[in-house]
Each structure stands twice: as structure tokens, then as C-alpha cells.
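**Q** Next one to model:
(chains A and B)
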Amino acid sequence: AQTVTQSQPEMSVQEAETVTLSCTYDTSESNYYLFWYKQPPSRQMILVIRQEAYKQQNATENRFSVNFQKAAKSFSLKISDSQLGDTAMYFCAFYPGTYKYIFGTGTRLKVLA
Amino acid sequence: NAGVTQTPKFRVLKTGQSMTLLCAQDMNHEYMYWYRQDPGMGLRLIHYSVGEGTTAKGEVPDGYNVSRLKKQNFLLGLESAAPSQTSVYFCATRTAGAGELFFGEGSRLTVL
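**A** As a prediction, this is how the structure comes out:
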């Protein structure tokens, strides 16, 4: 079965510091897509960043970047210059191309002032 | 531009009552999904639809039914609500291809 594991249920970081959230997945597929979603206290799910498995270059979106290690099946999210507004639950998601998206259990991130 | 709209946002039911959650999208997306979110369990897929008139079971379909009579609407029904169905429900949509999911704001359902 294809699974997504987020091993850090909760994390905290000081404002302006850098934090890395980990995500590993299990699949036998070679082509797939990976996503990080943010869920702030408002409950809205917001796409943070996406990565296509066939691309070797790591995706970046402003202060957010990923470290995609295909062989290790690892997809970590790095948040630089953390801001109070980054406080949220973060979900890693995997799409193997079979209509279904598979989500991890989430990491609750708290940015401390 | 509303995107993905879920109604109602909150609902309290008694065990055995029925209800329907409505998901409406104005993005002309083919694919629509219903997920439930529970603490420590992430998002789990209940049912999904790959087009008007089609539906399929997800990971946790028991106790739920769905219909996609119109492309823009995806309904999730609970025929006889149980306390185990207390959860936050999310509707999501996407275009064909491996695009991102667009989510509604969620609906919090409590079954007493």
C-alpha cells in the first residue's frame, strides 16, 4: 500500500529562524507528484508547494523550499525566515496518478515570537 | 469567484438523523473529492468522482453515499448518522492531470 509518513506531530520554531518538516512516502511508482499543504487555524487548506518526481530540481516558492530525495523517498519542507503567520498544520500529500491523493497525518508547527 | 463552496459550515445531528453536505464549484473541474479530517489521522478519502454521473469509493466509504448529478455539484449524504462520523469534512476539486487539489472551507459535523 502507498503511504505517507510525517514523523513529527508537533514542532516549534523561533520567529525568523529556519525549520524543516519531514515527510517520507512509500511507492513503487516512478512518476508521481508531491505536495505540501498548509492548514492555518481558519481551517482552509492552502497549497504551499508542489514537486514533480521527474524533475530533479527542488521546488521553491519564496521562503518555502523542498528537499526531494527520490531514491530515499523523502520530501521535506524547509521554511526560512519563519513568520508568525506560518503557524499552522502542514500536510504532505502524494499523488501517484490513480485519481487518489494520499495525505500524511500532519505536523503542527508553532512559530514563537 | 467563489471557487469551492461547502454548505453547511457547521451542523449538529442526533444519532440516526440524516443529512446532506453540498459541495459546489465554479471552476469547471472534472474531479471532485470528499475527505474527512480527524485528529492524528490526516485526511482520509470517503468518495470521489471523475466526472458528471460517476462516483467511486475511497478509503472510508461506509455510512456515506454520494451523488454527482451535475458537474458543478458533489453531494455527500449520511443516511443514519453515528457518533463515529463526527468530523470535519472537506470537499476538493481538480482539473484533469496531476494538478493540485482546491479545497472548500470545510464543514464541521457533530453527531451526538
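**Q** Can you list the low-confidence ranges for chain A?
**A** Regions of chain A meeting the criterion pLDDT under 70 are absent.
**Q** What parts of it come near chain B?
**A** Contacts of chain A with chain B, taken as CB under 8 Å from any CB of the partner chain, map to A:4, A:9, A:32-33, A:35, A:37, A:42-45, A:47, A:50, A:52, A:91, A:93, A:95, A:97, A:99-101, A:103-106. Using the backbone N, CA and C atoms, a C-beta is placed for each residue, glycine as well.
**Q** Mark which of those are buried, thanks.
**A** Buried residues within these, counting neighbours by 16 or more other CB atoms under 10 Å in any protein chain shown: A:4, A:32-33, A:35, A:37, A:43, A:45, A:47, A:50, A:91, A:93, A:95, A:101, A:103-106.
**Q** So the helix or strand hosting residue B:92, near chain A or not?
**A** Taking DSSP states H and E as the definition, residue B:92 sits inside strand B:87-94. Yes - using CB under 8 Å from any CB, strand B:87-94 reaches chain A at B:88, B:90, B:92.
**Q** I'd like to know which elements that strand is packed against.
**A** Secondary structure elements in contact with strand B:87-94, counted by 3 or more CB pairs under 8 Å, 6 or more residues apart in numbering or on different chains; DSSP states H and E, are strand B:4-7, strand B:19-25, strand B:31-38, strand B:73-78, strand B:102-103, strand B:107-111.
**Q** how about these, which one is nearest chain A?
**A** For these, the distance to chain A is smallest for strand B:102-103, at 3.8 Å, taking CB to the nearest CB.
**Q** Please list all residues in contact with the most centrally placed residue in chain B.
**A** The C-alpha lying nearest the average C-alpha coordinate of chain B belongs to residue B:34 (CA atoms, centre = their mean; 3.0 Å). Listed by CB atoms under 8 Å, 6 or more residues apart in numbering or on different chains, the contact partners of residue B:34 are B:21, B:23, B:45-48, B:58, B:64, B:66, B:74, B:76, B:89-91.
**Q** Any chance of those residues in CSV with neighbour count as columns?
**A** Shown next, in CSV, are the contacts of residue B:34 (neighbours: other CB atoms under 10 Å in any protein chain shown):
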residue, neighbour count
B:21, 21
B:23, 26
B:45, 21
B:46, 23
B:47, 23
B:48, 23
B:58, 19
B:64, 19
B:66, 23
B:74, 29
B:76, 22
B:89, 22
B:90, 25
B:91, 27
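**Q** is it possible to export the residues you listed to a markdown table including pLDDT and distance to residue A:21?
**A** As requested, those are exported to a markdown table (pLDDT from 0 to 100; distance: CB to CB, whole Å):
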| residue | pLDDT | distance to residue A:21 |
| --- | --- | --- |
| B:21 | 97 | 30 |
| B:23 | 97 | 29 |
| B:45 | 94 | 22 |
| B:46 | 97 | 26 |
| B:47 | 97 | 29 |
| B:48 | 96 | 27 |
| B:58 | 93 | 25 |
| B:64 | 97 | 31 |
| B:66 | 97 | 32 |
| B:74 | 98 | 31 |
| B:76 | 98 | 30 |
| B:89 | 98 | 25 |
| B:90 | 97 | 21 |
| B:91 | 97 | 26 |
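**Q** Which one of the residues you listed is nearest to residue A:18?
**A** Nearest to residue A:18 among these is residue B:90, at 29.8 Å by CB to CB.
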